[in-house]
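> Using only what follows, build the 3D model:
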Amino acid sequence: MASTPYARLGSTSSDEIGLPVVSQAPRAGRWWHIRDLDGFFRTFYLYFDAKGLHNVISKGILDHLNIIFVVFVILFLSVVVNYDQLEKHIKEKCADHERFDLMSKDCHGNTPISFYRLLKMHPIIYFILALLLVFWLWSFGAFLRHVQRCYTMQDFYLHELKVAQRDLQTVSWDEMVKKVIDAQERLQLCTKMRTFDVLDVTNLITRQRNFLIALYVQFGPELKVWMPGLGRRIVLSESLQWNIQKILSTVIFDGDSVDKRVWESPQSRAMLSAKLSTYFKVMGVLNLLLAPAVLLIRVAYFFFHNSDSLRKSAGPLAARNWSPYACWLLRDWSEVDHKFRRRLARSMKPAATYVDQFVSETTTIWARFLVFVIGGLFSVLAVLGFVFDEEFMFANLTPNRSVLWWSGILGILLAGAQSLVVDTNMILDHAELLREVRKFTHYYPDEWKGREHRVDTYDQFCRLFQFKGITFLEELCSVLVYTPYLLLFRLPQHSENIVAFFHRYTYRHAALGDFCKLAFFHDKAEGEGMMMDDVCEVFGTGGDMTRDNSGTSYAGAGTDNAERLPHASASLVDIGSSSMQDVRHSAAKLEYSVAAFREEHPSWNPTVRTDHSQMTASAASVVSLPSILEEDTGPKHAAPAPRAHMPPVGLSTPLLFSHEEEEC
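Modelled structure (predicted):
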């Protein structure tokens, strides 16, 4: 039998936990009884999303080479180059030297560029480089292990699913899920279940992400910090999310389940929360030590990655994109990455058009004047440079500033002014534009309805759809200040609440492990409707009646309905401090997710199952919800519009840098 990272599990038998034992299929071979089912299906999806092994290898190698290049350029500019000697070398030419040789000593003893200076750096720089080297080696080792898993997955795709790498360019995700479900029936990848459905496969892929969505929804308000000029705002930077995800993966998550101490006595949960608090503080100290190096790398990588765009326009800074806060807020439960990226990409144009409607006529008038003046000056310098060749470009236009330097400054100012010029003749209906955005974001707070043209609605929308420059500023401030501060002081105070969160919102599936209760939307009778009693149950109430803050009663239904949903979605705030509107809003988020999931997988029918899942059973009424997914293509599905403004959320991404297309 060939060696594979997804080896058999021989220590745990199905009958030990009361499940039917499925005998090994004759053709199963190496794929029978996968030990790490989560890792297998995550690699299965990542292989599909990357479109094959070659792309996985190429992207991983180039990403790590990018880090090396950025560190080299930073060292070259800050250590290798001596700018005082460079200035003297240029101004004080030697009589017998017609050309500048920057890497050799001139007649005045100046050596502007010398790599020997790398041997005489400050010890702190050596220490930071050593930490970066450890991180790089750890990351590269993880990449090599990922390549090994993808190599094994390539064999699974080719021989079991009959899908070659070139076929991945066109095959749909729904088709691939059907193929792996068929493979489960033939090969018994999981021996605790006879078959999967598409939601089982998706939940195995998105298990931890669903927990993170729910966690950020609840604890997002605790991450508010004050930023100069921007006020108090929730800063869910990439560095902070990366740290939180790594800490939770180490302390809370244990393979396909959460740490068993979550379910034990209060003393055990206290020990787990103390461990979590310690990890937060340790990572806070490490972030403090690495902050200067990470900050330089993030700044350098941003300008290298966007150098061409910055030269042509102010796009990387003046353009808008969904903030990290919005990336969690707008994500559906059990939604895979490529589907989410496609939704947000389709929302960009109507969102940008909506924002443009609020640019004032005064701003446009002044912007056009600046474009005229700055563009004229830039054109004059460009023409003179063409006529007088390079000597004019390097001549000083002002003290210590050359024509070339001023041309660059004018180009940046011109791009910024052009970004403020909006065609005021294209005034569209504000409500229609926001409804167009809702089609792709699945988000439309109740306070926006009928107020789409108001400035306060515009301000709320811009907190979600903000300038990339603001997002970049948030990231820099977070690397240097906010991430260490939150890890050292704010998050340790909430360690007990985080453990309690996992205790309360974990749904235990006997065959597949632990899932986020809010995302596991199986057993929806006829695929329609929402069980309001389930929402109240997750809120923490046991009865069939709930009161909002005003005292209004909302009746549930009877107490013995065998066809009710065993579980559903809910908000993460306590029912005692929230209104029924919050409950309905949380039910709406689930309905959006279910409708979008059924659109992606039309053959999925969430019927009642008997798969040994540990589910609750109480009666509830079905809340009839209108159709709101107004997609141009595909079937219509029932789902409600959100009823209230959801708390901010975020997304976990790499620590040192991320590609622009991976912002969400």
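
> Check which residues of stretch 233-248 are buried.
233-245, 247-248 (16 or more other C-beta atoms under 10 Å). Heads up, the C-betas are built off the backbone N, CA and C, glycines and all.

> again, but for stretch 135-142
135, 139.

> now it: how far from the chain's centre is it?
Relative to the chain's own centre, stretch 135-142 is displaced by 21 Å; criterion: C-alpha atoms, centre = their mean, to the nearest Å.

> mean confidence for that stretch?
Per-residue pLDDT over stretch 135-142 has a mean of 91.

> Low-confidence regions, this protein specifically.
1-29, 92-100, 108, 304-318, 360, 389-391, 422-427, 522-587, 606-664 (pLDDT under 70).

> Strands along that one, start to end?
Using DSSP state E, the strands of the chain run over residues 224-227, 231-234, 253-254, 257-258, 320-322, 396-398, 401-402, 465-467, 506-509, 513-516, 530-531, 545-547, 553-555, 622-623.

> Sheet-wise, list the partners of the fifth one with their directions.
The pairing partners recorded for strand 320-322 under DSSP bridges are strand 465-467 (antiparallel).

> Also the second one?
The pairing partners recorded for strand 231-234 under DSSP bridges are strand 224-227 (antiparallel).

> what sits up against the partner strand?
With contact meaning C-beta atoms under 8 Å, 6 or more residues apart in numbering, strand 224-227 is reached by 232-235, 473-474, 477, 482, 485-486.

> Would you mind listing which of the residues you listed are buried?
Buried among the contacts of strand 224-227 (16+ other C-beta under 10 Å): 233-235, 473-474, 477, 482, 485-486.

> For the strands of the chain, give me JSON lines that also has distance to Ala415.
Below are the strands of the chain laid out as JSON lines (distance: least, C-beta to C-beta, whole Å):
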{"stretch": "strand 224-227", "distance to Ala415": "25"}
{"stretch": "strand 231-234", "distance to Ala415": "27"}
{"stretch": "strand 253-254", "distance to Ala415": "45"}
{"stretch": "strand 257-258", "distance to Ala415": "49"}
{"stretch": "strand 320-322", "distance to Ala415": "15"}
{"stretch": "strand 396-398", "distance to Ala415": "20"}
{"stretch": "strand 401-402", "distance to Ala415": "20"}
{"stretch": "strand 465-467", "distance to Ala415": "14"}
{"stretch": "strand 506-509", "distance to Ala415": "50"}
{"stretch": "strand 513-516", "distance to Ala415": "44"}
{"stretch": "strand 530-531", "distance to Ala415": "49"}
{"stretch": "strand 545-547", "distance to Ala415": "54"}
{"stretch": "strand 553-555", "distance to Ala415": "54"}
{"stretch": "strand 622-623", "distance to Ala415": "51"}
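
> Nearest to Arg35, out of the ones you listed?
Between Arg35 and these, the shortest gap by C-beta to C-beta is with strand 513-516, which sits at 12.6 Å.

> Now tell me what touches the closest one from outside.
In contact with strand 513-516 (C-beta under 8 Å, 6+ apart) are residues 37-38, 203, 207, 210-211, 213-214, 255-258, 333, 505-509.

> can I assume Glu185 is in contact with Arg194?
Yes: the pair Glu185 and Arg194 passes the contact test of C-beta atoms under 8 Å, sitting 7.3 Å apart.

> Contacts only, for Lys222.
Lys isn't right for residue 222; it's Glu. Per C-beta under 8 Å, 6+ apart, neighbours of Glu222: 490-491, 494.

> So which of the residues you listed wins on neighbours?
Leu491 (25 neighbours; other C-beta atoms under 10 Å).

> Was I right to think that residue contacts Tyr279?
No: look at Leu491 against Tyr279 with C-beta under 8 Å: they stay out of range, at 9.7 Å.

> what's the neighbour count on Asp200?
Using other C-beta under 10 Å, Asp200 has 24 neighbouring residues.

> next one: Trp31
23.

> With Gln154 as the reference, measure out to it.
For Trp31, the distance to Gln154 equals 14 Å [C-beta to C-beta, to the nearest Å].

> do Leu434 as well
From Leu434 to Gln154 the distance is 44 Å (C-beta to C-beta).

> quick one on the thing from earlier: among the contacts of strand 513-516, which ones are buried?
37-38, 203, 207, 210-211, 213-214, 256-258, 333, 505-507, 509.

> Now do the helices in the stretch 351-500 of the chain.
Here the stretch 351-500 of the chain has its helices, by DSSP state H, counting those that start in this stretch, at 361-393, 403-419, 430-441, 455-464, 468-477, 483-485, 495-505.

> which helices and strands sit right next to the longest helix seen in the chain?
Assignment by DSSP state H gives helix 266-305 as the longest helix of the chain. Under the contact criterion of 3 or more C-beta pairs under 8 Å, 6 or more residues apart in numbering; DSSP states H and E, helix 266-305 touches helix 53-75, helix 123-159, helix 238-251, helix 468-477, helix 483-485, helix 495-505.

> so which of these comes closest to Ser265?
Judged by C-beta to C-beta, the one of those that comes nearest to Ser265 is helix 495-505, at 11.4 Å.
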